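S.K.: Below is the structure, and that's it, no one-letter string:
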């Protein structure tokens with residue numbers, strides 16, 4: 001991140017239950033990437049409410065990644081991260097989570113807000129995080145910004161949590177959507193006027209994600225220099241669609257001998273398809289073709305991108321899929337489903353192919369075509385370069401300054417913060 005002078009106006013309290021920790025380093029990386037860049041311009045602290053129940057340890061016996069315990073307090077790059085617990089029963093009474101999150105987090109939010117001299121609460125995802133943030137904002141007299149990010153909110157429509165979702169959006173001072181599709185798919189069904197949203201897409205770190213030497217990348221991963229290679233990146237959950245791609249790989253191997261499919265990603269709290277994907281590959285005779293690479297750090301991930309020919313994303317829904325831009329920044333063409341905000345990232349056929357959901361035959365044809373096409377990889381990277389972080393951060397800083405002006409004059413003076 002570039003060094004910038006800290007501005008004196010807005011002071012941002014980030015509120016998000018999804019955020020990286022030593023126990024789950026890949027959780028919410030996109031939130032940290034965005035807000036830690038904002039922290040180069042504005043004072044900032046983070047509160048990460050952690051769902052908890054007495055039964056969590058039992059659930060982890062069968063789902064090891066479920067609610068991994070994280071430190072109550074830590075510093076990341078000099079920024080304070082506080083993790084208060086709130087009661088939440090696994091799988092039941094989820095319509096109460098917004099209220100419970102607010103109750104469980106209030107004392108910590110009050111203390112951090114006073115210490116920081118917070119002028120705005122920045123919540124990520126509308127429910128339960130945004131709903132809790134709106135409650136807390138009213139109690140503390142602070143404006144609240146809520147960012148819609150993707151399927152986590154879109155999937156709540158029509159269920160028991162829709163009322164909480166609507167209340168959060170109606171109660172927020174300012175709404176952000178990472179893509180226009182979320183304004184259409186979440187805001188419109190709830191009757192939220194589109195002018196209440198400001199669109200701020202995620203950016204991509206084009207220094208970290210950049211082309212590497214192809215031969216070195218393949219040598220690192222033990223892949224033959226002449227093998228056709230597909231790659232998919234994301235949590236190993238049904239939404240991301242790895243299970244939809246594997247049968248296509250089995251058929252493509254007849255035309256592209258030696259084809260390899262790299263699946264990069266790990267378990268999420270809700271599920272881990274890893275064992276099922278391995279069984280699926282074995283049953284189709286693809287034990288040597290489908291490689292479950294596990295979760296990778298961003299610096300390691302670029303070598304996986306660098307070893308591949310085409311990026312594959314058969315997702316069911318996305319708000320703004322950062323992995324598409326990461327792959328493009330490494331020079332990879334993309335084949336993905338035309339869902340959510342994907343068409344706002346993949347804007348031209350020179351970058352790859354959008355396939356209607358779910359047209360398996362068309363997806364297979366698109367992959368075959370992508371493996372044969374003479375892509376201009378410099379052009380693909382140039383598209384990613386246009387989506388760097390600088391313009392996004394300037395937009396966010398201006399937004400927080402503007403919203404903070406509604407907080408009034410009774411903002412506590414900053415004082416020293418101690419750990420929880």
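M.R.: Structure's in. What do you need? In this text the structure is predicted, and so the values were computed from the model without any measurement.
S.K.: Every contact and neighbour count from this point should use C-alpha atoms.
M.R.: Noted.
S.K.: ok, now which ones touch the closest residue to residue 160 other than its chain neighbours?
M.R.: Using C-alpha to C-alpha, 6 or more residues apart in numbering and skipping residues adjacent in sequence, the residue nearest residue 160 is residue 95, 6.0 Å away. By C-alpha atoms under 8 Å, 6 or more residues apart in numbering, the residues touching residue 95 are 160-161, 164.
S.K.: Can you classify residue 95 as helix, strand or coil?
M.R.: Here residue 95 is helix, with the state taken from DSSP: H, G, I helix; E, B strand; the rest coil.
S.K.: about what we covered before: any of the contacts of residue 95 buried? List them.
M.R.: Buried residues within these, defined by neighbour count using 16 or more other C-alpha atoms under 10 Å: 161, 164.
S.K.: Any chance of a markdown table for the contacts of residue 95, columns pLDDT?
M.R.: Compiled in a markdown table, those are given as follows (pLDDT from 0 to 100):
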| residue | pLDDT |
| --- | --- |
| 160 | 91 |
| 161 | 93 |
| 164 | 95 |
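S.K.: now, which of the contacts of residue 95 sits nearest residue 34?
M.R.: Taking C-alpha to C-alpha as the measure, residue 34 lies nearest residue 164 of the contacts of residue 95, at 25.7 Å.
S.K.: thought that closest one was touching residue 128?
M.R.: Yes: under the criterion of C-alpha atoms under 8 Å, residue 164 makes contact with residue 128 at 7.5 Å.
S.K.: Find residues that contact each of the two.
M.R.: The contact lists of residue 164 and residue 128 share residue 98, where a contact means C-alpha under 8 Å, 6+ apart.
S.K.: show me the contacts for the nearest residue to residue 244 once chain neighbours are set aside.
M.R.: In this structure, residue 244 finds its nearest non-sequential neighbour in residue 314, 6.9 Å apart by C-alpha to C-alpha, 6+ apart. Counting by C-alpha under 8 Å, 6+ apart, residue 314 makes contact with 240-242, 244-245, 336-337.
S.K.: Reformat those as JSON lines; add distance to residue 147 and neighbour count.
M.R.: What follows is the contacts of residue 314, written out as JSON lines (distance: C-alpha to C-alpha, whole Å; neighbours: other C-alpha atoms under 10 Å):
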{"residue": "240", "distance to residue 147": "21", "neighbour count": "18"}
{"residue": "241", "distance to residue 147": "25", "neighbour count": "20"}
{"residue": "242", "distance to residue 147": "27", "neighbour count": "25"}
{"residue": "244", "distance to residue 147": "30", "neighbour count": "17"}
{"residue": "245", "distance to residue 147": "31", "neighbour count": "18"}
{"residue": "336", "distance to residue 147": "24", "neighbour count": "25"}
{"residue": "337", "distance to residue 147": "23", "neighbour count": "24"}
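S.K.: follow-up on the earlier one: how far away is the residue nearest to residue 244 from residue 339?
M.R.: Plainly put, residue 314 is 9 Å away from residue 339 if you go by C-alpha to C-alpha, to the nearest Å.
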